[in-house]
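Asks: Have a look at this prediction, sequence included:
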Amino acid sequence: MERERTEPIRLLEIEKELAGPGKHEALARYDAVLVALDRRIESALKEGLPPEEFPKVEALREANTLARKILRLTVRVDG
């Protein structure tokens, strides 16, 4: 339960960072995390996954791509 209460606050903090004076640094920092995740996903796909895991990893890859696009759009719209 505690995690549910802190996540919206963290998202607001991220949104403020992406709209503030250090927005490009914040974008680079958050994007680096998502790039690392993308590399891990690609590695897992290359190594092979059990059939039941593939849809989950594919959905994660799509969500990660979308998150990176949203980050860029957030900075572009505010900047």
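Replies: Everything's here; your move.
Asks: going forward, measure contacts and count neighbours with C-alpha atoms only.
Replies: OK.
Asks: Give me the next element, helix or strand, following the host helix or strand of R39.
Replies: Element membership for R39 (DSSP states H and E) is helix 23-47. Heading C-terminal from helix 23-47, the first helix or strand you meet, by DSSP H and E, is helix 54-78.
Asks: per-residue confidence averaged over that following helix?
Replies: Averaging pLDDT along helix 54-78 yields 90.
Asks: other SSEs contacting the helix holding R39?
Replies: When contacts are defined as 3 or more Cα pairs under 8 Å, 6 or more residues apart in numbering; DSSP states H and E, helix 23-47 sits against helix 2-19, helix 54-78.
Asks: so which of those comes closest to K46?
Replies: helix 54-78 (11.3 Å; Cα to Cα).
Asks: Which residues does that closest one contact?
Replies: Helix 54-78 is contacted from outside by L18, A19, K23, H24, L27, D31, L34, L37, D38, I41, L45, using Cα atoms under 8 Å, 6 or more residues apart in numbering.
Asks: from the middle of its chain, how far away would that helix be?
Replies: Remark: helix 54-78 is offset 6 Å from the chain centroid, using Cα atoms, centre = their mean, to the nearest Å.
Asks: Give me the buried stretch members for that helix, please.
Replies: V57, R61, N64, R68, L71, T74, V75 (16 or more other Cα atoms under 10 Å).
Asks: Is it possible to get CSV of these that adds distance to P50?
Replies: As requested, the buried residues of helix 54-78 are arranged in CSV below (distance: Cα to Cα, whole Å):
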residue, distance to P50
V57, 11
R61, 16
N64, 21
R68, 27
L71, 31
T74, 36
V75, 38
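Asks: Just the C-alphas of stretch 37-47, formatted as PDB.
Replies: Provided in PDB are the C-alpha atoms of stretch 37-47 (Å, rounded to 0.1, in the frame of the first residue of the first chain):
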ATOM      1  CA  LEU A  37      16.300  -1.500 -19.900                       C
ATOM      2  CA  ASP A  38      16.000  -1.700 -23.700                       C
ATOM      3  CA  ARG A  39      19.400  -3.300 -23.900                       C
ATOM      4  CA  ARG A  40      18.400  -5.900 -21.300                       C
ATOM      5  CA  ILE A  41      15.200  -6.600 -23.200                       C
ATOM      6  CA  GLU A  42      17.100  -7.000 -26.500                       C
ATOM      7  CA  SER A  43      19.600  -9.300 -24.800                       C
ATOM      8  CA  ALA A  44      16.900 -11.500 -23.400                       C
ATOM      9  CA  LEU A  45      15.200 -11.700 -26.700                       C
ATOM     10  CA  LYS A  46      18.400 -12.700 -28.500                       C
ATOM     11  CA  GLU A  47      19.200 -15.300 -25.900                       C
END
